[in-house]
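J.: mind folding the following:
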Amino acid sequence: EAYNVISVGLIRLGRYQEAIQLLENTVRRFPNNSDLQLQLAVAYINRGDLKTGRNILHQTAKVDPRNPQIYLKIGQIMQEQEDLEGALQAYEKAVSLNSNSVEAQARIGEILLVQEKYMMAVVIYRRVLELIPQNPGAYYNLGLALKGRNRRKEAIKVVKKARKLYLSLDDIQGVQQAEALLEQLKK
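T.: Down below sits the predicted model:
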């Protein structure tokens with residue numbers, strides 16, 4: 001536990017090499033601790049060594065195949081590398097292990113929007129909003145998915161809700177983004 005806390009602190013401070021050294025030594029002592037391995041992968045990834053980080057994640061998934069955080073991180077890496085199908089599979093695995101994973105569900109929605117699979121994206125974002133009903137980004141993305149399905153009235157309603165939530169958070173960029181989408185929807 002203490003090693004995990006220290007390594008998280010080092011990673012947050014951007015001291016990746018120190019975190020890697022600490023974690024490599026600690027993982028040798030506790031080879032079945034998937035949390036430590038996950039932190040080691042994160043440290044490598046943040047340092048820019050995606051290949052090593054990804055390899056560690058895949059090894060960790062073999063050690064602890066029931067840990068949704070591992071698949072979430074694998075999905076993030078694959079999404080960053082524009083392997084959308086691989087990312088989608090990893091996120092779906094994370095959701096199968098934890099159906100309440102808002103982050104995994106939201107990322108699935110992002111990919112579905114890019115792939116223009118709007119009906120599935122609508123379903124996903126409705127699920128996200130069941131889990132966190134005050135999330136303006138989920139309302140905004142639901143609006144995009146509804147727009148893609150030519151359901152403009154519904155899209156306008158949810159994007160207005162997104163704008164209202166962005167306003168309550170003083171998120172000017174979010175408000176502007178929502179207003180721009182509303183303008184498109186009203187044309």
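J.: what packs against the longest helix seen in the chain?
T.: Identified as the longest helix of the chain according to DSSP state H is helix 152-168. Under the contact criterion of 3 or more Cβ pairs under 8 Å, 6 or more residues apart in numbering; DSSP states H and E, helix 152-168 touches helix 136-148, helix 172-186. Using the backbone N, CA and C atoms, a C-beta is placed for each residue, glycine as well.
J.: among those, which is the most enclosed?
T.: Highest mean neighbour count of the helices and strands packed on helix 152-168: helix 136-148, a mean of 23 (counted as mean count of other Cβ atoms under 10 Å).
J.: how about the helices of the chain, start to end?
T.: Secondary structure of the chain (DSSP H): helices located at 2-12, 16-29, 34-47, 50-63, 68-80, 84-97, 102-114, 118-131, 136-148, 152-168, 172-186.
J.: turn those into a markdown table, including mean pLDDT.
T.: Shown next, in a markdown table, are the helices of the chain (pLDDT from 0 to 100):
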| stretch | mean pLDDT |
| --- | --- |
| helix 2-12 | 84 |
| helix 16-29 | 92 |
| helix 34-47 | 90 |
| helix 50-63 | 90 |
| helix 68-80 | 91 |
| helix 84-97 | 97 |
| helix 102-114 | 97 |
| helix 118-131 | 98 |
| helix 136-148 | 98 |
| helix 152-168 | 98 |
| helix 172-186 | 97 |
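J.: sorry, back to before: in JSON lines, list the helices and strands packed on helix 152-168 along with distance to V95.
T.: Formatted as JSON lines, these follow (distance: least, Cβ to Cβ, whole Å):
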{"stretch": "helix 136-148", "distance to V95": "15"}
{"stretch": "helix 172-186", "distance to V95": "25"}
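J.: relative to helix 172-186, how tilted is the longest helix of the chain?
T.: 160 degrees (axes from the mean of the first three to the mean of the last three Cα atoms, to 10 degrees).
J.: mind checking how far helix 152-168 is from the chain centre?
T.: 22 Å (Cα atoms, centre = their mean, to the nearest Å).
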